[in-house]
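Visitor: Fold the stuff below for me.
(chains A and B)
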There are 2 protein chains.
Amino acid sequence: MSAEPGTVRPGGRTARVRTAVLRVAGDVLAEEGFAGLDLADVARRAEVGKTTVYRRWGSVTGLVADLLADMAEQSLPREETGSVLGDLRANAALVRRTLADPRQGALFRAVIAAATCDARTAQALRRFYEVRVAEWAPCVEQGVARGELPVGTDAGAVVRAVSAPLYYQLLTTGEVPGEPAAERAARAAYAAAVAGVYVG
Amino acid sequence: MSAEPGTVRPGGRTARVRTAVLRVAGDVLAEEGFAGLDLADVARRAEVGKTTVYRRWGSVTGLVADLLADMAEQSLPREETGSVLGDLRANAALVRRTLADPRQGALFRAVIAAATCDARTAQALRRFYEVRVAEWAPCVEQGVARGELPVGTDAGAVVRAVSAPLYYQLLTTGEVPGEPAAERAARAAYAAAVAGVYVG
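Guide: All right, here's what the predicted structure looks like:
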């Protein structure tokens, strides 16, 4: 258990302040993007003292980093369907739903955009994906143990391969991936994994 | 042949102005990102009259759209290696080199970031990828004709599948993909295509 501010006393005032501030920060990011974020404005909208917000998050990038940490903590645990393909499908469907959700999709676009020119946001984003990949990697490891995938398959690489085409579509075309795209992403990652592309 | 300004008389003054302005615009995007672009500043650095720049490109987004159109025109033609896998490898290597190039990589990150919050830039980016995908799609179609891939394979989907993990890595981790990542991207797209994932 971390002793960082905001993570102790989950039901206390500290936690309530964090929840309120991060909710507003997410709303602003989704609606106006990174450029619209301003600590004083977030404090006002969250009905929290400006001093508290400045002391606790320090800067807009500190606030976004904490938002990403919170999203990684909150995000759904992986599903276990009994087969690698089923698990990868569940993962693809979850990623797709996240990107298709108006608030979450806009939020990810804003954060990815900010990460292209801000090192601290880039680091927070990288950590977010590390947490997500670590959450889903066991489904690939279990598939290897069950003999569905070759020994030595890089579990993280397979999980990232599921997400890649969905993010690529959203970022390069602005088009939210549909269910067939998610299905295709899962099947493509699975076929490549079966063929041994992710070994070593 | 288009009769749009800037495309007639390739060696003329109009073309020279366009070349100078787009070079400066690309430099600024790569160095400072979209937020650093300013028409008057671009005019000054390109040693072109401000009025000319305003009349011709109208806005920062108009300038970025023209830069992307120019990049699509200038980008290298596809290679023909005699096999689908060889062609997809050549494509992956080209995409990787582009993203790894300090100027081009920074430029793409800046434009993708801008596209997340600007519809005109998003449209120009989408057109850029349409041109690139159309350039490389025939390598997949030839692979189908040679019996290397199943009939009905969506050629554009295969070409996009090669790029997706390379862009995903750059945008979500800030890490420039290396040669093994490019090789893996080509082999994964090929394996999925052989397995029929991109049929229909």
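
Visitor: Quick check, A:Gly174 in contact with B:Ala115.
Guide: Yes. Between A:Gly174 and B:Ala115 there is a contact at 6.7 Å, judged by Cβ atoms under 8 Å. Any C-beta I mention is one placed from the backbone N, CA and C, and that applies to glycine too.

Visitor: Now do the longest helix seen in chain A: which elements does it pack against?
Guide: What stands out as the longest helix in chain A, according to DSSP state H, is helix A:119-145. Judged by 3 or more Cβ pairs under 8 Å, 6 or more residues apart in numbering or on different chains; DSSP states H and E, helix A:119-145 is in contact with helix A:60-74, helix A:84-100, helix A:102-115, helix A:155-173, helix B:155-173.

Visitor: ok and it relative to helix A:102-115, angle-wise?
Guide: Orientation of helix A:119-145 against helix A:102-115 (axes from the mean of the first three to the mean of the last three Cα atoms, to 10 degrees) gives an angle of 120 degrees.

Visitor: how far off helix B:155-173 does helix A:119-145 point, in degrees?
Guide: 120 degrees.

Visitor: What mean pLDDT does helix A:119-145 get?
Guide: Model confidence over helix A:119-145, given as mean pLDDT, is 94.

Visitor: Kindly report the same for stretch A:26-33.
Guide: The predicted model gives stretch A:26-33 an average pLDDT of 91.

Visitor: Any part of it near chain B?
Guide: Yes. Stretch A:26-33 reaches chain B (Cβ under 8 Å from any Cβ of the partner chain) through A:Gly33.

Visitor: Check the offset of that stretch from the chain's centre.
Guide: 16 Å (Cα atoms, centre = their mean, to the nearest Å).

Visitor: quick one: buried residues of that stretch?
Guide: Buried positions in stretch A:26-33, judged by neighbour count with 16 or more other Cβ atoms under 10 Å in any protein chain shown: A:26-30, A:33.

Visitor: repeat for stretch A:80-95
Guide: Those would be A:84-95, for stretch A:80-95 by 16+ other Cβ under 10 Å.

Visitor: Tabulate these in TSV, adding columns for pLDDT.
Guide: Output for those, formatted as TSV (pLDDT from 0 to 100):
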residue	pLDDT
A:Val84	97
A:Leu85	97
A:Gly86	97
A:Asp87	97
A:Leu88	98
A:Arg89	97
A:Ala90	96
A:Asn91	96
A:Ala92	97
A:Ala93	96
A:Leu94	95
A:Val95	95
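
Visitor: now, among those, which is nearest to A:Leu76?
Guide: A:Leu94 (6.2 Å; Cβ to Cβ).

Visitor: show me what contacts that closest one?
Guide: By Cβ atoms under 8 Å, 6 or more residues apart in numbering or on different chains, the contact set of A:Leu94 is A:76, A:79.

Visitor: same thing but at 10 Å, please
Guide: Contacts for A:Leu94 (Cβ atoms under 10 Å, 6 or more residues apart in numbering or on different chains) come out as A:75-76, A:78-79, A:132, A:136, A:162-163, A:182.

Visitor: tell me the contacts of A:Ala192?
Guide: Contacts of A:Ala192 by Cβ under 10 Å, 6+ apart are A:157-158, A:161, A:198, B:161, B:165, B:184-185, B:187-195, B:197.

Visitor: And for it, nearest residue in space, chain neighbours not counted?
Guide: Spatial nearest neighbour of A:Ala192, chain neighbours left out: B:Ala188 (3.7 Å); criterion: Cβ to Cβ, 6 or more residues apart in numbering or on different chains.

Visitor: export whichever helix or strand the one you found is part of as CSV, just CAs?
Guide: Counting by DSSP states H and E, the element that carries B:Ala188 is helix B:179-194. What follows is helix B:179-194, C-alpha atoms only, in CSV (Å, rounded to 0.1, in the frame of the first residue of the first chain):
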residue,chain,number,x,y,z
GLU,B,179,14.2,-2.7,-36.7
PRO,B,180,13.0,-5.8,-34.8
ALA,B,181,9.7,-4.1,-34.2
ALA,B,182,9.4,-3.4,-37.9
GLU,B,183,10.2,-7.0,-38.8
ARG,B,184,7.6,-8.2,-36.2
ALA,B,185,5.0,-5.8,-37.6
ALA,B,186,5.5,-7.2,-41.1
ARG,B,187,5.5,-10.8,-40.0
ALA,B,188,2.4,-10.3,-37.8
ALA,B,189,0.4,-8.7,-40.6
TYR,B,190,1.5,-11.4,-43.0
ALA,B,191,0.6,-14.3,-40.6
ALA,B,192,-2.8,-12.8,-39.9
ALA,B,193,-3.5,-12.3,-43.6
VAL,B,194,-2.4,-15.9,-44.4
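
Visitor: Could you list the buried residues of it?
Guide: B:181-182, B:184-194.
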